[in-house]
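Chemist: next comes the sequence, and after it the predicted model I'd like to discuss.
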Amino acid sequence: MFPFSMTPQQAAEELMRFNQKLVAGMTSMSETGPISAGVSGRDAVYTDDKLVLYRYHSAVEKRHRVPVLVVYALVNRPYMADLQEDRSLIKGLLDEGMDVYLIDWGYPDGSDRYLGLDDYINGYIHRCVAHICEAHDLYRINLLGICQGGTFSLCYTALHPEKVRNIVTTVTPVDFQTPENLLSRWAQKLDVDLMVDTLGNIPGGLLNYTFLSMNPYRLTGQKYLDMVDLLDQPDKLKNFLRMEKWIFDSPDQAGEAFRQFIKDFYQRNGLIKGEVVIGGQRVDLKNVSMPVFNVYATLDHLVPPASSKALKGLVGSTDYSEFAFKGGHIGIYVSGRAQKEVPPAIANWLKARG
């Protein structure tokens with residue numbers, strides 16, 4: 001906080017200014033009001049247990065004919081894709097004329113302890129796709145997967161290729177054992193049977209602190225010192241608190257689904273080997289024969305670029321494209337530059353393919 005060249009007098013003055021900001025910030029904090037979760041208008045059009053399927057309000061007079069279903073990860077909450085007016089992948093897609101749906105998985109509880117990947121992929125996702133197809137009188141729709149939701153989307157597409165017209169994956173792990181993957185190294189050593197058999201559902205807070213520990217200085221210390229400079233700027237302060245709300249809004253994970261995902265994907269690296277079996281069927285990425293748009297972040301510390309780029313040699317599609325965003329795992333959705341680059345790239349790619 002204090003440069004080494006400071007004199008004692010300068011250090012004392014800097015400390016005084018720091019304390020003054022903290023005092024002034026108490027007023028700003030008290031005036032921020034409730035922190036919203038998601039900003040774009042939407043309607044709940046389908047429910048299934050704790051799942052809610054939302055359709056977003058159109059931002060243009062005429063929507064693109066083929067809707068896109070956003071499949072989010074089970075970790076954290078999907079409003080990260082619609083965080084604020086000027087930081088929203090959803091809004092960007094709507095502005096481009098896309099007809100956008102999103103799956104909100106809700107908050108699993110003890111009754112969901114035995115839900116497996118078959119329930120999520122062949123059950124919930126498949127029924128959401130069926131609902132959208134029926135509502136639009138279509139046989140196929142577009143899928144857009146985010147992180148683990150991208151992995152789920154690939155699995156769903158490989159098992160039900162007749163239901164997917166185009167697939168977009170964003171910061172999606174495919175090769176789960178690339179050398180630079182710190183999260184993978186942790187997961188490969190995890191006694192997941194002991195963990196699930198002991199805890200049942202996996203606490204969301206436990207997973208969240210695992211993610212934070214991968215960049216501890218920045219994510220658990222420095223950002224709060226930086227926040228002091230925002231205390232006299234209500235809009236920026238509210239944006240900071242909105243991100244904090246999302247970071248710590250961590251649903252628990254259904255135990256059996258967590259067990260299978262860790263074992264089959266991280267520990268066995270079964271997706272790239274064609275060894276993942278869901279609902280009695282093998283997930284063969286060669287069945288992904290429709291157009292694929294793979295979006296990854298070059299500075300991603302959770303899903304390294306190599307993990308995502310492995311998809312290129314595995315799918316059966318002859319129409320495969322990549323888009324590299326210079327940013328991190330979250331910045332690809334919420335940074336200012338991302339708003340100008342990512343939604344238009346996705347929308348233009350989809351429009352070009354009907």
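Modeler: Received the coordinates, thanks.

Chemist: what ranges does the chain have for its strands?
Modeler: Secondary structure of the chain (DSSP state E): strands at 42-48, 51-56, 68-71, 82-84, 87-88, 100-104, 141-146, 164-170, 277-278, 281-282, 292-297, 320-325.

Chemist: just the buried residues of stretch 304-318, please?
Modeler: 304-305, 307-311, 314-315, 317 (16 or more other CB atoms under 10 Å). C-beta here means a position set from N, CA and C on the backbone, and glycine is covered the same way.

Chemist: residues making contact with stretch 313-329?
Modeler: Contact with stretch 313-329 is made by 147, 171, 174, 272, 285-303, 305, 309, 311-312, 331-332, 335, 337-338, 341-342, 345-346, 349, 353, as judged by CB atoms under 8 Å, 6 or more residues apart in numbering.

Chemist: quick check on those residues: which are buried?
Modeler: By neighbour count, with 16+ other CB under 10 Å, the contacts of stretch 313-329 hold 147, 171, 174, 272, 285, 287-297, 300-303, 305, 309, 311, 331-332, 335, 338, 341-342, 345-346, 349 as buried.

Chemist: centre of the chain to stretch 105-116, how far?
Modeler: 19 Å (CA atoms, centre = their mean, to the nearest Å).

Chemist: ok, stretch 111-121 next?
Modeler: With CA atoms, centre = their mean as the basis, stretch 111-121 stands 19 Å off its chain's centre.

Chemist: mind checking the end-to-end distance for that stretch?
Modeler: One end of stretch 111-121 sits 18 Å from the other (CA to CA, to the nearest Å).

Chemist: contacts for that stretch next, please.
Modeler: 49-50, 74, 108, 152, 155-156, 159, 200-201, 254-257, 260-261, 264, 278-279.

Chemist: name the nearest residue to Asn281, sequence neighbours excluded.
Modeler: Not quite, residue 281 is Gln, not Asn. Leaving out its chain neighbours, the residue that sits closest to Gln281 by CB to CB, 6 or more residues apart in numbering is Leu159, at 5.6 Å.

Chemist: hmm, that neighbour is touching Asn122, no?
Modeler: Yes - using CB atoms under 8 Å, Leu159 is in contact with Asn122, at 6.7 Å.

Chemist: find residues that contact each of these two.
Modeler: Residues touching both Leu159 and Asn122 (CB under 8 Å, 6+ apart) are 278-279.

Chemist: in the stretch 251-354 of the chain, which spans are helices?
Modeler: Assigned by DSSP state H, counting those that start in this stretch, the stretch 251-354 of the chain shows helices spanning 255-261, 270-273, 305-309, 331-334, 336-351.

Chemist: out of the ones you listed, name the one with the poorest average pLDDT.
Modeler: The minimum mean pLDDT among the helices of the stretch 251-354 of the chain belongs to helix 331-334 (a mean of 91).

Chemist: and stretch 281-300, end to end?
Modeler: Counting by CA to CA, you get 31 Å between the two ends of stretch 281-300.

Chemist: stretch 53-61 now?
Modeler: One end of stretch 53-61 to the other measures 23 Å (CA to CA).

Chemist: what residues sit buried inside that stretch?
Modeler: Neighbour counts over stretch 53-61 (16+ other CB under 10 Å) mark 53-56, 59 as buried.

Chemist: got a list of contacts for it?
Modeler: The contact list for stretch 53-61, computed with CB under 8 Å, 6+ apart, reads 40-47, 67, 90-91, 94-95, 97, 99-104, 128, 131-132.

Chemist: for Phe325, see how far away Leu206 is.
Modeler: Separation of Leu206 from Phe325 (CB to CB, to the nearest Å): 29 Å.

Chemist: who has more neighbours out of the two?
Modeler: More crowded of Leu206 and Phe325, by other CB atoms under 10 Å: Phe325, with 23 against 13.

Chemist: bridge partners for that one, pull those for me.
Modeler: Ala297 (DSSP bridges).

Chemist: per-residue confidence at Ile35?
Modeler: pLDDT recorded at Ile35 is 71.

Chemist: quick check: the gap between it and Gly336.
Modeler: 20 Å.

Chemist: who has more neighbours, the two?
Modeler: When Ile35 and Gly336 are compared for neighbours, Ile35 comes out ahead with 13 against 9, by other CB under 10 Å.

Chemist: ok, that one touching Met243?
Modeler: No - contact criterion CB under 8 Å: Ile35 and Met243 do not qualify, at 9.6 Å.

Chemist: what sits in contact with each of those two?
Modeler: Common neighbours of Ile35 and Met243 are not found (criterion: CB under 8 Å, 6+ apart).

Chemist: could you find the closest non-adjacent residue to Glu85?
Modeler: Closest to Glu85 by CB to CB, 6+ apart is Val39, at 5.5 Å.

Chemist: show me the shaky parts of the stretch 201-350 of the chain.
Modeler: 211-234 (pLDDT under 70).

Chemist: surely Leu183 touches Pro304?
Modeler: No - using CB under 8 Å as the test, Leu183 is too far from Pro304 to be in contact (9.2 Å).
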